[in-house]
Every structure is written in structure tokens, then in C-alpha cells.
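[1] from the sequence below, what's the structure:
(chains A and B)
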Amino acid sequence: MSFYWQKLLKPAVFLLCMTPTIYLLIGAYTMDLGANPVEYLAHRTGDWALRFLLIVLAMTPLRRISGWRFPIHLRRMLGLFAFYYITVHLLIYAVLDLALDWSFLLEDILERPYITIGFTAWVLLIPLAITSTNKMMRRLGKRWKQLHKLVYLIGLLGVVHYWWLVKKDLQEPIIYAGVFLLLMAMRWKKKGAVT
Amino acid sequence: MLIKKPSDIKSSEITDQKHYKDRRKFIQTGLGLTGAAMVPGLWLPAEVQAAREKLAKVKKSKFSTNAKTTPYKDVTTYNNFYEFGTGKSDPAKNAHTLQTKPWTLTIEGEVGKPGQYHLEDIIKDSVLEERIYRFRCVEAWSMVIPWVGISLADVIKRFEPSSRAKYVEFTTLYDPKQMPGQKRSVLDWPYVEALRIDEAMNPLSILAVGLYGEVLPNQSGAPLRLMVPWKYGFKNIKSIVKIRFTEKMPKTTWAAAGPREYGFYANVNPAVNHPRWSQARERVIGSGSLFTKRQKTLMFNGYADQVAGLYSGMDLKKNF
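    Numbering: from 1, shown residues only, chains lettered A, B, ... in the order given. All right, here's what the predicted structure looks like:
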């Protein structure tokens, strides 16, 4: 890749990753989010959170298959976008849907398994986001890699979260679960080659 | 032995009735849209706008609530009707394939007058009433909907149910051509719902044929659907083709699909949660703001005065 493209790549991908947010903000501003806007925002940000988790998990296999280096350069930013969309998803649920009623929030987190694991996924992502800087990578050394293996568990939690909340039609959760399993299987095969 | 003679005209060259009807529908839809275009602010998706037809001689009812009604657009573009897809905007997009005229209702089981009845004849002999009811979905959202309907009790009496008729079972049309959602086995088609006979005879129970003073749009369960406002939405079966009177409790679709999550009674009850979510509060559809709080769900959806007596002595946690 030429130097010119390398410089452009990150800002371009950043903007691309922001388009769902811009799209939803325009929808919210014009109140064009359908009959149940809170649910719509929660679902769409949830979709993107899960998609970004899977995109992050796809970077290592993509690098290995293609030989390109850029997937690894983008990995941190994509991971932070996953954290960003999960955080927005959680905020929409807590602020708009529950109106920050702490007793309801606590009841949901403790008693509803799909919310318990969704919330757990967000909590587990916090240390990964905090330790995503170069400085932290250097500081943690070998342990950094160990810590960041948590993303596999977080991906699993995200997929199960979606699976458990769907009322009856499992078609979409099955697709996400399938992609997740495929990405994990690609790691299993060539364990020694994983970077 | 019967030998079939090949037809002179290839079957592929004959315009089938569906296309013929589609053409008529196309013309009607076109006219409907022209009408809508002349009324500013009344823009709706073409599928929703198609074939809007006013109902005449609709009486007011003392059972109507004063609560603010949910906008027509929200009622008709956000609902569950899995026969047209599992997304909540799918019914409005896909239900145009449903043919509601003519419509035959089959009456079976423990009745004196079983048989096949034209829907028009049943409606012709009934009083049309506007019933503005609260509607509470099991998914914890709610609306206030001005239905136009006929008393279910009056209709049932005409078929003369016998003393053995303890339950009333309703069945939705099964025709994957008209209802493309039935091509996927998300539920065990056809959709079946049922009421105890005393629930069906309650004055609140109606068969709805209209909405907002107009003929019921396809996506809302045209041409005939049940409306029992103290129960969760899924009890209110749509596009009914058969009513059967039985002695035993019928197997109903959602109760069979998820026996832990959906019961036969499905009475709105804020004290009994769905295993996966709370039923204590509900999101009111159509508030127009992102910051509207959920409202508290009422016992029997606010109809306790009229229906609580039906369940006296019953454990509503067990019979959910």
C-alpha cells in the first residue's frame, strides 16, 4: 500500500464507522425513527455493537488469509468502535427506556439473563478500552495479550445476548452466531500461526 | 378410463385470476393515492394507503376509553402479524397480497347452526360499534386504538352453542400464497387462539372489522379479528376463517410455541412477569418524543371492573 493510502485509511474508516451514528442522529432529529423510536435506537445500536465485535474478530483471520497488514492497523480503532456502540446501546436502554430508574435497572441486570450477560460484556470491555493505548501495551507486556483474549468471551456473550432476547424468530441471531463460530474456528485450525 | 386431452391453449398463456385481480387492485390503489395526495400531511406508505374505505352507521360505545388514541400511521405500521413477516413493519409492507373479499367464516363444533357463512351476511345483521380500547402487547408496548367491531356474544348466540360448548377456538387463514410469512415455520400454522366461553360472551369482547371508522386494513387483521382488551395482544387473532366450539381447552399457537412464556389466559397482569422481561410497565407508542417514560401497566389492562370476576378464585400466577 502506498504511503498516500496509508495516511487516508484510518480517517476514512473512522468516518465509515461513524455513519450509523450520523444516520441515527438525523433520524432522531427529524423524529423519523418509526413508531417506537427508543426501541429502534436500542436495536440498531445493538446491531452495530455486535457487528463491530465480529469485524474486530475478523481482522486476524483476514490478515492471515490475505497477507495484508492493514487489518491489524485498524484493529484497535474497530475495537474501540465496538465499545462505543455497546456503550451507546446501554445508555439508550438505561436513560431513554428506563429513565435511569436504578431499581428497574438493577432488577433487569440481576433477574433477566440476557441483560445480565449483555451488561457483563460491556463491563468486560472497559479494561480492554482502557488498556488500548500504546503506553498500556508496553506497560503490560505479555499480560496485555492475555487480557485482550477476553474479546472472545465478549463476542460469545454478545451473540448469546441477542439469541436470548429474540421472541421467536431466531434467523438473525443464528447468522451472527454462525459468523462468530466461523471466526473462532479459523483461529482453532492454525493456532500456532495466530498473531 | 379418463384420458386427458391436451388443451389447445397453453396454460401459461391464460391470464390467471390473480393477475386479473392485481390489475383491478392496481387501479384502486392508484385512485387511493391520488386521494391521499390531495390531503396534506396524510402521507402514508402506499400499502397502508391502499383501499381505505369508510364504514357507515357506527355507534359510539360506553366501553370506550377517553385516553388519547395512537396515530393511525403508528397503529398500521407497527404491529405483529407473523403471517406477513416477523418484523413489526413487515405486515404493512407485505399484507397487500391478502384477498379479503369474498370471505367465508366456517362455524364448527358444539353448535346448533354449524356451516359456512358469508362475512358480509354476519356483519349486515350486526350493530357496528366504535370501541376505543387500550391495547397491550406481551412485548411491553401499548396503544389506544379506536376499533370498529361487532359484539362477539351477539354473533356467538346466532350459532346457538350447546351446553357442551365450553371454549371458543378461532383459526386464521392458512394460505402461504396470500400470507408469505407462512412459508417459514416460525410458528405452527395456522395460527389458533381460543377463549373460555364466558370470556367470549363478556360485553367487552368484540370481533373487529374496522379501525378509525374505516374498513380494517389488511395488516391489522382484515377482514375480521378478535379484540379482547384485557388480554395480551397475541390473543387477538387476526384474519379469522373458522370458529369452533369445543368442550376441551383448545391448543393455542403461542402457548404451544413457548409454554413457559405464553399461557392460555394471557391476561394483562403487571404482577406476573414474562420469564425474560418485566410486565410491570409499558412503552406507549406514538408519544412523539424520545424522553417519554414508560407508564405503569394496569391489572387486566385497566378492565378489572368488567372482567376480574371471570377469574375469581383462580391462581393467576399459575394460569398466566
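[2] is the helix or strand bottoming out on mean pLDDT in chain A up against chain B anywhere?
    One helix or strand of chain A scores below all others by mean pLDDT, DSSP states H and E: helix A:3-29, with a mean of 92. Yes: Helix A:3-29 is in contact with chain B by Cβ under 8 Å from any Cβ of the partner chain, via A:Ala28. In short, each C-beta sits where N, CA and C put it, glycine included.
[3] what's the burial count for residue 97?
    By default, I'm working from chain A. A count of nearby residues for A:Asp97, using other Cβ atoms under 10 Å in any protein chain shown, gives 21.
[4] you answered for a different chain; I wanted chain B.
    A count of nearby residues for B:Thr97, using other Cβ under 10 Å, gives 15.
[5] next: A:Thr30.
    Neighbours of A:Thr30 (other Cβ under 10 Å): 8.
[6] and it, how far from A:Tyr23?
    Here the distance between A:Thr30 and A:Tyr23 works out to 11 Å (Cβ to Cβ, to the nearest Å).
[7] with B:Ser89 instead?
    Counting by Cβ to Cβ, the gap from B:Ser89 to A:Tyr23 is 17 Å.
[8] in terms of neighbours, single out the busier of these two.
    The residue with more neighbours, out of B:Ser89 and A:Tyr23, is B:Ser89; 15 against 11, by other Cβ under 10 Å.
[9] related to what we said a few turns ago, now do the helix or strand following the least confident helix or strand of chain A and helix A:3-29, the angle between them.
    Of the helices and strands lying after helix A:3-29 in sequence (DSSP states H and E), the nearest is helix A:37-66. With axes from the mean of the first three to the mean of the last three Cα atoms, to 10 degrees applied, the angle from helix A:37-66 to helix A:3-29 works out at 160 degrees.
[10] average model confidence for the helix or strand just after helix A:37-66?
    The element immediately downstream of helix A:37-66 (helix or strand, assigned by DSSP H and E) is helix A:70-91. Mean pLDDT, computed over helix A:70-91, is 96.
[11] and what about the nearest residue to B:Pro146 once chain neighbours are set aside, helix, strand or coil?
    Of all residues not flanking B:Pro146 in the chain, B:Ile132 sits nearest, at 4.6 Å (Cβ to Cβ, 6 or more residues apart in numbering or on different chains). Following DSSP: H, G, I helix; E, B strand; the rest coil, the label given to B:Ile132 is strand.
[12] low-confidence stretches in the chain?
    With no chain named, the answer covers chain A. Where chain A drops to pLDDT under 70, the residues are A:1-3, A:189-195.
[13] correction: the question concerned chain B.
    B:1-51.
[14] get me the contact residues on it for chain A.
    Residues of chain B lying near chain A by Cβ under 8 Å from any Cβ: B:73-74, B:77-78, B:82, B:86, B:88-89, B:139, B:141, B:184, B:186-187, B:257-258, B:276-278, B:281, B:283, B:285-286, B:288, B:290-291, B:293-294.
[15] from those, which would you call buried?
    Taking 16 or more other Cβ atoms under 10 Å in any protein chain shown as the criterion, what is buried in those is B:73-74, B:77-78, B:82, B:86, B:88, B:139, B:141, B:186-187, B:276-278, B:281, B:283, B:285-286, B:294.
[16] inside helices: which ones of the residues you listed?
    Counting by DSSP state H, the part of these found in helices is B:Lys73, B:Asp74, B:Thr77.
[17] in the stretch 51-200 of chain B, what residue lies closest to chain A?
    Chain A sits closest to B:Tyr78 of the stretch 51-200 of chain B, with a gap of 3.4 Å, by Cβ to the nearest Cβ.
[18] find the nearest non-adjacent residue to that residue, please.
    Leaving aside its sequence neighbours, B:Tyr78 sits nearest to A:Ala35 (Cβ to Cβ, 6+ apart; 3.4 Å).
[19] report how many residues lie close to that neighbour.
    By the criterion of other Cβ under 10 Å, A:Ala35 has 21 neighbours.
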